[in-house]
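>>> Take a look and give me a structure for this.
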Amino acid sequence: MKYLSVLLVFLWTATNCVAAFHPVNAAMIVNANTGEIIYSYNADKKTQPASLTKMMTLMLTFKALKQKRIRPNSLITISANAAAQKPCKLGLKKGQKITVRNAILALITKSANDIAVALAEHIGKSEQRFVYMMNQEAKRLGMTSTRFVNPSGWKNSKQLTTVRDMAKLSKALINEYPSYYHLFATKQFNYNNKIMKNHNQLLGKHNNYLVDGIKTGFVTASGYNLAASATNGQTRLIAVVLGGRTRQQRDRQVDALLKRGFSKVISRKIIANASKKRYKSSYKDMINASAGEARVSRIYGKLQCERLVK
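Just a heads-up that it's a prediction; the model follows:
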């Protein structure tokens, strides 16, 4: 019991000392299974989402696929508006076509602004109507501090969000579209003999968990953003960081948050199991004590009867 107490103190210290300082504007860890917020810092501080916006664009794409309004092999025609988008982009010209499946992978890996607009125009019939759909979906998810003004995340001072809202969006993508979520684990995408690597460099196995999604983003006004999800086989966590000073710093912070998040989950299980064992032990003792008291009562009662008879 002594060693268990020492272990629990160590785990409590490790999980609660998330960071002595915060080199990001905002951060949050959420249990994707329960929705519990394990840790948060500046949860409601507004900033530009940058390409995390594309998570909502992809969500509406998955929704259209699920409702069979579009198909993976449906062809999208690149408009002049889409072709004119600024980098990062795939670089298709007006009139060229791309399948929905390749468009999805271009958003996940290359984070292509031109393809985000092309998808929006194809699904919403216009970019403006698609943005309206994005905001309606955000309202449904309870993203009360978020406003979208374009489908790509291109810099705009009116396009704002929080880590709390991005965690809600990430959780919805994971839980509502499990048959499409796995695409976020795509490490590279080969298109027209060009290999495009995923900007999320945390993807893959770590010490005790696997990162399998979801999206990065950057604009000067917000800094480096990342929403990442990881599982250890039993529990899935979502870590969101907004406003990293560099990509490496942002990634280190997300990695640290996930490690401490899983440590906290593990420590809680240890405490729960220890409590269960103590409960079982005390319950067993109580039953044994009750049985002993019953035996004593029977014997004592018998003696009393014998005395009364005598």
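>>> Please work out how many residues are found near the closest residue to P72 other than its chain neighbours.
Nearest residue to P72, sequence neighbours excluded (C-beta to C-beta, 6 or more residues apart in numbering): R101, at 4.2 Å. (Each C-beta comes from the backbone N, C-alpha and C, glycine too.) By other C-beta atoms under 10 Å, the residues close to R101 number 14.
>>> didn't G223 look like it was pressed against R247?
No - G223 is beyond contact range of R247, at 9.8 Å (criterion: C-beta atoms under 8 Å).
>>> the more surrounded of these two?
G223 (23 against 15).
>>> show me where the chain has helices.
Per DSSP state H, the chain carries helices over the ranges 2-16, 54-66, 80-83, 100-105, 113-124, 127-140, 163-176, 178-181, 247-309.
>>> Can you measure across stretch 25-42, start residue to end residue?
End-to-end distance for stretch 25-42: 7 Å, by C-alpha to C-alpha, to the nearest Å.
>>> Okay, now the unreliable bits of the chain?
For the chain, the stretches flagged by pLDDT under 70 are 1-23, 272-310.
>>> Can you name the residues that contact the most centrally placed residue in it?
By C-alpha atoms, centre = their mean, the chain has its centre lying nearest to I238, at 2.9 Å. The contact partners of I238, taken as C-beta atoms under 8 Å, 6 or more residues apart in numbering, are M28, I29, V30, N31, A32, A167, S170, K171, I174, A227, A228, S229.
>>> The second one reaches L258, doesn't it?
Yes - contact between I29 and L258 holds when scored by C-beta under 8 Å: they sit 7.3 Å apart.
>>> more crowded one of these two?
I29 (26 against 23).
>>> OK, contacts around that one?
I29 neighbours (C-beta under 8 Å, 6+ apart): I37, I38, Y39, S40, L237, I238, A239, L257, L258, R260, G261.
>>> Report the buried members of these.
By neighbour count, with 16 or more other C-beta atoms under 10 Å, the contacts of I29 hold I38, Y39, S40, L237, I238, A239, L257, L258, R260, G261 as buried.
>>> Make a markdown table out of these and add distance to S152.
A markdown table is the format used below for those (distance: C-beta to C-beta, whole Å):
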| residue | distance to S152 |
| --- | --- |
| I38 | 31 |
| Y39 | 30 |
| S40 | 27 |
| L237 | 27 |
| I238 | 22 |
| A239 | 23 |
| L257 | 27 |
| L258 | 27 |
| R260 | 33 |
| G261 | 30 |
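>>> For the residue lying closest to F184 once chain neighbours are set aside, give me its contacts.
Excluding its sequence neighbours, the residue lying closest to F184 (C-beta to C-beta, 6+ apart) is G213, at 3.1 Å. By C-beta under 8 Å, 6+ apart, the contact list for G213 reads S170, L173, I174, Y181, F184, A185, N200, L203, A228, S229.
>>> Let me see the contact set for the last one.
In this case it means S229. Here S229 is in contact with A32, S170, I174, F184, V211, D212, G213, I214, R236, L237, I238, A239 (criterion: C-beta under 8 Å, 6+ apart).
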